[in-house]
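Undergrad: Next comes the sequence, and after it the predicted model I'd like to discuss.
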Amino acid sequence: MNPVIENLLTRRSIRSFQNKQIPLEDLELILKAGSYAPNGMGLQAWKFTAIQNPDILKKVDNVIRQVILSSPVENERLIERAKDPNHNFLNNAPTYIIVSHLKDSPLAMADCALALGNMMLAAHSLGIGSCWFNSLPRMTNHPLVRELLTELEIPENHNVYAAGVFGYPEGEIKPATPRREGIIKIFE
């Protein structure tokens, strides 16, 4: 099978990681792959913020927890997780990547999704697992999150549109579930 197609078909969302950091050389390659994603009018108006510092990762986790506990959230499971001091909202991943983009751009969501998708596929090709995490993007306008973004040097005119955790998978990676019938339609 073509190696690119094989990479696409075998990538899985990983939620359990080894206590082993991604080497800087591989992280740079993953981020570079993100920068080559298709983007509206070739503007490259995104910013990629990669966090490997354990103290900053802990701070991100804590901010997510605080926002969940201080905001009206209708997801009971999420609230229970936030109340559990042992739950880690980044799944104890050693690397967290935030993709931000101009707040008012109609291209932002697609640009950021494609960039993070490229990063996830590049990571998989290097034996590194990843998982898309929606928490921070959903909270991007909360004052606590905005304060964190400022500390991370994410511009004030940016929102977070995509974020993911990255690291070496822990345990067995299960194959994909079969694809549902009827999701593909071809007119010849």
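TA: Perfect, I can see it now. Not measured: the values here are computed from a predicted model.
Undergrad: tell me which element the residue most central in space within the chain falls in.
TA: Centroid-nearest residue in the chain, with C-alpha atoms, centre = their mean: residue 164, separated by 1.5 Å. Residue 164 belongs to strand 158-167 when assigned by DSSP states H and E.
Undergrad: that older thread, contacting residues around the residue nearest to the centre of the chain?
TA: 96-97, 116, 119-120, 130-133 (C-beta atoms under 8 Å, 6 or more residues apart in numbering). Where C-beta positions appear, they are placed from N, C-alpha and C, glycine not excepted.
Undergrad: Spell out the residue ranges of the strands in this structure.
TA: Counting by DSSP state E, residue ranges of the strands within the chain are 47-51, 95-102, 129-132, 158-167.
Undergrad: Tabulate the ones you listed (TSV), appending distance to residue 175.
TA: Listed next are the strands of the chain as TSV, based on distance: least, C-beta to C-beta, whole Å:
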stretch	distance to residue 175
strand 47-51	29
strand 95-102	25
strand 129-132	14
strand 158-167	20
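Undergrad: In CSV, list the ones you listed along with mean pLDDT.
TA: Conversion of the strands of the chain to CSV gives the following (pLDDT from 0 to 100):
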stretch, mean pLDDT
strand 47-51, 98
strand 95-102, 98
strand 129-132, 98
strand 158-167, 98
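Undergrad: For this protein, which residues score under the pLDDT cut-off?
TA: Judged against pLDDT under 70, the low-scoring parts of the chain cover residues 73.
Undergrad: Excluding chain neighbours, what is closest to residue 102?
TA: residue 45 (5.0 Å; C-beta to C-beta, 6 or more residues apart in numbering).
Undergrad: what's the neighbour count on the one you found?
TA: By the criterion of other C-beta atoms under 10 Å, residue 45 has 18 neighbours.
Undergrad: switch to numbering from 200
TA: Got it, first residue is 200 now, which makes that one residue 244.
Undergrad: Please verify my assumption that it contacts residue 238.
TA: Yes: Residue 244 is in contact with residue 238 according to C-beta atoms under 8 Å; the separation is 7.5 Å.
Undergrad: shared neighbours, these two?
TA: Counting by C-beta under 8 Å, 6+ apart, the contacts common to residue 244 and residue 238 are 306, 310.
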